[in-house]
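Trainee: coords please:
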Amino acid sequence: MARIHLHPEHHLVTRIGWLRAAVLGANDGILSTASLIVGVAAAATKNAVLVAGVAGLVAGAMSMATGEYVSVSSQSDTEQADLTRERNELRDNVEFEKEELAQIYVKRGLELPLARKVAQQLMAKDALTVHAREELGISEITTARPVQAALTSALTFSVGAAFPLLMVVISPIGAIVPIVSAASLGFLALLGAIGARAGGANVLRATARVTFWGALAMALTAGIGKVFGTVV
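Mentor: Down below sits the predicted model:
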C-alpha cells in the first residue's frame with residue numbers, strides 16, 4: 001500500500017494581512033514624497049525642498065496610520081457584529097444553522113447526507129468558527145487587525161519617503177528633479193518587484209504598473225510646479 005507523505009504547505013494568502021498595508025505604505029511614501037519634492041524643486045530652493053519633503057513624510061505617515069486604523073477598525077467592527085449575530089443564531093436555532101451549513105457543502109458538490117454529516121461533525125467541535133469561515137468568509141488569515149495595519153503603513157511610508165529625501169540631500173540643486181525622479185522610479189520598480197515576489201504575482205507586470213503610474217504622478221506634479229512657480 002502506497003504511503004501518503006504529508007508535507008507542510010505555506011500559502012501566500014497568509015501574508016495578505018500585512019503585505020497589503022506594507023506595499024501600500026511604502027509605495028505611497030516614495031510616490032507622494034517624490035512627487036512633492038519634484039513639484040517644489042521646480043520652483044523653490046533646496047532648503048525649501050527639504051522642509052517640504054520632511055513635512056510630507058511626517059504628515060503622510062500619520063495620515064496613513066490613521067487612515068488604515070480607521071478603515072480596518074470599521075472592517076473589524078463589522079466582523080464582530082456578524083459574529084455576535086451568528087453566535088445568537090447558533091444559540092437560538094442550532095438545527096437551522098446546521099442545515100444551512102450542510103446546504104453550503106451541497107452547493108460545493110457534496111451529496112446531502114454526507115454534507116449533513118460533515119456539518120454535524122464540524123459544528124460539534126467549534127460551531128462558531130466553522131460558520132464564520134464557511135458562511136461569513138471570516139478566518140484567522142483574513143480577520144482585520146487595525147493596529148498591525150496602522151503601524152505597518154506608517155513605518156513603511158516613512159521608509160519609502162526617506163529614499164527621495166536622501167536623494168535631495170546628495171543632489172546639487174540644479175539636478176534635484178532628474179535625480180529624484182529617476183531614483184524614485186527605481187525604488188518604485190524595486191518595491192513592485194518585491195511586493196509581487198512576496199505575493200506570488202507576476203513580477204514584470206507589477207513592476208511595469210507601479211513604474212508607469214509613478215512616472216505619471218511625478219510628471220504631473222512637476223508640471224504644476226513649473227506652471228505656477230510655487231509650492232504645490
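Trainee: So for the longest helix along the chain, mean pLDDT?
Mentor: If you go by DSSP state H, the chain has its longest helix at helix 46-92. What helix 46-92 shows for mean pLDDT is 83.
Trainee: what's the angle between whichever helix or strand comes after it and helix 46-92?
Mentor: As assigned by DSSP states H and E, the chain's next helix or strand after helix 46-92 is helix 94-107. Taking axes from the mean of the first three to the mean of the last three Cα atoms, to 10 degrees, helix 94-107 and helix 46-92 form an angle of 120 degrees between their directions.
Trainee: How about helix 94-107, which residues are buried there?
Mentor: Glu97, Lys98, Leu101, Ala102, Ile104, Tyr105 (16 or more other Cβ atoms under 10 Å). The C-beta positions use only the backbone N, C-alpha and C, and glycine is treated the same way.
Trainee: helices and strands around it, which ones?
Mentor: Counting contacts by 3 or more Cβ pairs under 8 Å, 6 or more residues apart in numbering; DSSP states H and E, helix 94-107 is packed against helix 46-92, helix 112-131.
Trainee: could you dump the ones you listed to JSON lines with distance to Ala215 and mean neighbour count?
Mentor: Below are the helices and strands packed on helix 94-107 laid out as JSON lines (distance: least, Cβ to Cβ, whole Å; neighbours: other Cβ atoms under 10 Å):
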{"stretch": "helix 46-92", "distance to Ala215": "19", "mean neighbour count": "16"}
{"stretch": "helix 112-131", "distance to Ala215": "47", "mean neighbour count": "15"}
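Trainee: right, and those helices - which one's nearest Val180?
Mentor: helix 46-92 (8.8 Å; Cβ to Cβ).
Trainee: Closest to Ala55 out of the buried residues of helix 94-107?
Mentor: Using Cβ to Cβ, the buried residues of helix 94-107 come closest to Ala55 at Ile104, 52.0 Å.
Trainee: Touching, that closest one and Gly137? I think so.
Mentor: No: in terms of Cβ atoms under 8 Å, Ile104 does not count as a neighbour of Gly137; the distance is 11.2 Å.
Trainee: that older thread, quick check: which helices or strands does the longest helix of the chain pack against?
Mentor: By 3+ Cβ pairs under 8 Å, 6+ apart, helix 46-92 packs against helix 16-41, helix 94-107, helix 112-131, helix 146-170.
Trainee: wait, which of the ones you listed is closest to Leu216?
Mentor: Proximity of the helices and strands packed on helix 46-92 to Leu216 was assessed by Cβ to Cβ; the nearest stretch is helix 16-41, lying at 9.9 Å.
Trainee: can you list the weak-confidence ranges in this structure?
Mentor: Residue ranges of the chain with pLDDT under 70: 1-25, 27, 42-44, 140-144, 198-199, 225-232.
Trainee: mind running it again at 50?
Mentor: 1-16, 230-232 (pLDDT under 50).
Trainee: from memory Arg205 sits against Gly195, does it?
Mentor: No: with contact defined as Cβ under 8 Å, Arg205 does not count as touching Gly195 (11.6 Å).
Trainee: quick one: which of those two has more around it?
Mentor: Counted by other Cβ atoms under 10 Å, Arg205 and Gly195 do not tie: Gly195 has more neighbours, with 21 against 11.
Trainee: Quick check: the more buried one vs Glu97, distance?
Mentor: To Glu97, Gly195 is 40 Å away according to Cβ to Cβ, to the nearest Å.
Trainee: Likewise for Asn88?
Mentor: The value you get for Asn88 to Glu97, if Cβ to Cβ is used, is 10 Å.
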